[in-house]
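> any chance you could fold what I've pasted below:
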Amino acid sequence: MQNNTEFAEQDSAEKKRKPKKKKSRLSLHTFLAMAFMIFTVITSGLLLIEVVFLEKFYYYFKIQETKNIASELLNAYDTEEFEETMRNVSFSNQICISVIDSRNYVLYQSDVMGNRCLLHGWHNYLFEIQQEVKKSATGTICMNVFDEQINMKTLVLGSTIGDSNNPDGYMLFNTALEPVGTTVHLLKRLLLMIAVLLLVVGFMIALVVSNRLAVPIVQITESAKRMAHGNYDTEFKGGGYKEVDELAQTLTYAEHEISKVDTMQRDLIANVSHDLRTPLTMLKAYAEMIRDLSGDNPVKRNAHLQVIIEETDRLTMLVNDILDLSKLENGSQKLEPSTFDVSAWMTEICSRYKGVSEQMGYHLSFTPDQPKEVTCDAGKMERVVCNLINNAINYTGDDKQVFVRQINTETGVRIEVRDTGAGIEEDKIKKIFDKYYRSENHKREVVGTGLGLSIVKAILKLHNYGYGVRSKLGEGSVFWFEIK
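Here you go, the predicted structure:
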């Protein structure tokens with residue numbers, strides 16, 4: 001059974017930011033509890049203020065309401081609707097209204113039903129109040145009078161009509177300040193009970209809510225600490241809230257990725273150590289052979305020196321690849337873009353493999369498309385092409401065929417490098433660009449450091465170019481990238 005798999009990836013440049021450490025003074029649990037408690041205390045305090053000043057509030061708003069009514073009637077005076085307006089206002093607001101002219105004649109009198117809001121002996125007070133209005137500098141008075149006959153406070157308000165210095169008359173108002181003592185006492189007790197209950201319930205809610213919010217985050221923090229010490233089997237649990245669940249899922253994903261990176265790092269160290277150990281052992285062995293055996297034999301000595309030179313070249317190539325890959329991945333290498341014809345550029349690169357073809361029996365075939373100019377870092381992209389061709393040479397089939405193709409697209413140019421090897425398994429195709437990963441589907445010794453495709457990936461990511469692999473077991477693989 002054959003597997004037909006296509007893998008492609010395209011990553012944008014990522015910015016790494018190192019978070020600043022901040023010293024926290026309060027735990028989230030304490031902060032949330034304090035916030036809820038402060039809110040509860042403020043709310044209860046406002047209720048207690050209302051309890052204390054309820055009666056004063058009542059008197060204040062009653063006086064303001066009466067003043068507004070007086071202003072409305074003064075503005076309506078001398079209109080045809082005044083008398084009707086006065087009666088309506090009097091009955092709807094329980095206000096006794098009297099209008100006296102400048103000669104002390106009562107022009108209008110509006111009494112509330114049953115004289116419920118009349119000051120006892122109101123008619124006897126009319127002219128006394130009129131005299132008080134005359135004495136007032138503003139032409140207006142407002143005072144509370146306690147009527148002993150009905151055991152009630154009444155509000156008396158008087159104002160001049162027209163010019164306060166030479167008034168046309170006087171408008172006098174009298175309304176009862178209802179006996180709110182008992183009502184206020186009951187309301188105070190009720191509001192006080194509500195305030196105490198609010199405090200108790202508020203403190204309980206504060207503790208429960210702060211605990212529900214803080215405990216999952218504390219658990220996630222403890223799990224993160226275990227992960228930081230290398231335990232990658234840590235389970236991150238959410239708290240039943242969307243944001244906390246998303247945080248737990250993100251940390252679980254980060255844990256998985258860090259575990260992969262840690263594994264790759266260990267593999268990298270192991271592979272580098274292995275690749276360094278072999279040439280170093282060879283260098284030491286042949287150096288000892290020259291010292292002990294072939295020092296006086298020019299032929300053997302030259303052969304041994306050639307081995308030392310080749311192994312030194314391998315070491316140099318390995319170190320250079322590691323350094324180059326490190327620079328590409330940490331962003332220290334910058335692009336140097338230039339514009340060139342991709343067809344001529346690819347033809348020149350492929351022509352360099354003519355010697356390899358003649359010497360080792362490989363056949364490299366390049367199929368160009370129409371000439372097309374592109375803009376990119378030609379040096380780095382040349383390394384991409386060469387690494388892909390070298391990889392194809394290492395893994396192609398017994399026919400030793402390697403096919404390179406240029407395909408012009410609407411968005412740029414696509415370059416494909418195809419071999420006729422055994423192909424790549426589906427479960428391994430995504431690892432093909434990892435550091436030091438080598439497919440086992442080859443029949444000859446693989447030449448290289450194992451970092452070629454990782455360098456390809458780093459350069460293409462630096463350009464933000466798409467790349468990928470198509471592979472079919474038994475029919476080879478196609479590595480491709482697209483220059484935008």
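> mind giving me the domain ranges of the protein?
Annotated domains of the chain cover 77-179, 242-329, 334-483 [automatic domain parsing].
> would you turn the ones you listed into a markdown table with distance to residue 69?
For glycine as for every other residue, the C-beta is placed from the backbone atoms N, C-alpha and C. Below are these laid out as a markdown table (distance: least, CB to CB, whole Å):
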| stretch | distance to residue 69 |
| --- | --- |
| domain 77-179 | 6 |
| domain 242-329 | 55 |
| domain 334-483 | 77 |
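> residue ranges with poor pLDDT in the stretch 51-200 of the chain?
Along the stretch 51-200 of the chain, segments meeting pLDDT under 70 span 51, 111-126, 147-151, 178-186, 188.
> for it, which segments count as helices?
Listed in chain order, the helices of the stretch 51-200 of the chain (DSSP state H, counting those that start in this stretch) span 82-93, 122-135, 181-228.
> among the domains of the chain, which is nearest residue 201?
Nearest to residue 201, of all the domains of the chain, is domain 242-329, at 25.0 Å by CB to CB.
> how far out from the middle of the chain is that closest one?
41 Å (CA atoms, centre = their mean, to the nearest Å).
> flag the shaky bits of the stretch 251-400 of the chain, pLDDT-wise.
In the stretch 251-400 of the chain, residues with pLDDT under 70: 264, 267-268, 271-272, 274-275, 278, 295, 329-332.
> residue 235 is nearest to which of the domains of the chain?
domain 242-329 (7.9 Å).
> residue 210: which of the domains of the chain is closest?
Of the domains of the chain, the one closest to residue 210 (CB to CB) turns out to be domain 242-329, at 13.8 Å.
> pretty sure residue 415 sits against residue 409.
No: counting by CB atoms under 8 Å, residue 415 does not reach residue 409; the two are 10.8 Å apart.
> any common contacting residues for the two?
Taking CB atoms under 8 Å, 6 or more residues apart in numbering as the contact rule, the neighbours common to residue 415 and residue 409 are residue 482.
> host element of residue 339?
In the assignment (DSSP states H and E), residue 339 maps to strand 338-341.
> list the buried residues for whichever helix or strand comes after that strand?
Next helix or strand after strand 338-341 toward the C-terminus (DSSP H and E): helix 342-351. Neighbour-count burial for helix 342-351, with 16 or more other CB atoms under 10 Å as criterion, is recorded at 342, 343, 345, 346, 349, 350.
> mind checking which of the domains of the chain is nearest residue 39?
Counting by CB to CB, residue 39 lies closest to domain 242-329 out of the domains of the chain; the figure is 21.2 Å.
> the stretch 301-450 of the chain: strands as residue ranges?
For the stretch 301-450 of the chain, the strands defined by DSSP state E, counting those that start in this stretch cover 338-341, 363-367, 373-376, 401-408, 413-419.
> in a markdown table, list those along with distance to residue 187 and mean neighbour count.
Listed next are the strands of the stretch 301-450 of the chain as a markdown table, based on distance: least, CB to CB, whole Å; neighbours: other CB atoms under 10 Å:
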| stretch | distance to residue 187 | mean neighbour count |
| --- | --- | --- |
| strand 338-341 | 86 | 11 |
| strand 363-367 | 95 | 15 |
| strand 373-376 | 81 | 16 |
| strand 401-408 | 86 | 19 |
| strand 413-419 | 83 | 21 |
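> how about the ones you listed in JSON lines, adding distance to residue 32?
Shown next, in JSON lines, are those (distance: least, CB to CB, whole Å):
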{"stretch": "strand 338-341", "distance to residue 32": "59"}
{"stretch": "strand 363-367", "distance to residue 32": "68"}
{"stretch": "strand 373-376", "distance to residue 32": "54"}
{"stretch": "strand 401-408", "distance to residue 32": "60"}
{"stretch": "strand 413-419", "distance to residue 32": "56"}
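> so which of the ones you listed is nearest residue 50?
The minimum distance between residue 50 and those falls on strand 373-376, with 74.4 Å, by CB to CB.
> hmm, back to that, hey, C-alpha coordinates of the strand holding residue 339 in CSV?
Output in CSV follows, covering the C-alpha atoms of strand 338-341 (Å, rounded to 0.1, in the frame of the first residue of the first chain):
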residue,chain,number,x,y,z
SER,A,338,18.7,41.9,-4.9
THR,A,339,16.8,41.6,-8.2
PHE,A,340,17.8,38.9,-10.7
ASP,A,341,16.5,36.6,-13.4
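> off-centre distance for that strand?
Centre to centre, stretch against its chain (CA atoms, centre = their mean), the figure for strand 338-341 is 41 Å.
> for residue 310, grab the count of nearby residues.
13 (other CB atoms under 10 Å).
> for residue 394, see how far away it is.
18 Å (CB to CB, to the nearest Å).
> can you tell me the element the spatially most central residue of the chain falls in?
Nearest to the mean C-alpha position of the chain, counting by CA atoms, centre = their mean, stands residue 243 at 10.6 Å. Residue 243 belongs to helix 242-289 when assigned by DSSP H and E.
> for that helix, packing partners?
If you count contacts as 3 or more CB pairs under 8 Å, 6 or more residues apart in numbering; DSSP states H and E, helix 242-289 packs onto helix 181-228, helix 298-330.
> tilt between the last one and helix 242-289?
This means helix 298-330. Between helix 298-330 and helix 242-289, the angle formed by their directions is 170 degrees, by axes from the mean of the first three to the mean of the last three CA atoms, to 10 degrees.
> and helix 298-330, which residues are buried?
301, 304, 307-308, 311, 314-315, 318, 321-322, 324-325, 328-329.
> got it, and stretch 353-364?
Residues 353, 357, 362, 364 are the ones in stretch 353-364 that count as buried (16+ other CB under 10 Å).
> what about the residue nearest to residue 404 when sequence neighbours are not counted, distance to residue 414?
Counting by CB to CB, 6 or more residues apart in numbering, residue 366 is the residue found nearest to residue 404 once chain neighbours are left out, at 4.5 Å. Remark: distance between residue 366 and residue 414 (CB to CB) = 14 Å.
> and residue 459, by the same measure?
Noted for residue 459: a distance of 16 Å to residue 414, by CB to CB.
> now residue 83
According to CB to CB, residue 83 stands 97 Å off from residue 414.
> can you get me a residue count around residue 372?
There are 15 residues near residue 372, going by other CB under 10 Å.
> and it, how far from residue 467?
Per CB to CB, residue 372 is found 19 Å from residue 467.
> and if you look at residue 375?
Counting by CB to CB, the gap from residue 375 to residue 467 is 18 Å.
> next one: residue 476
Applying CB to CB to residue 476 and residue 467 gives a distance of 18 Å.
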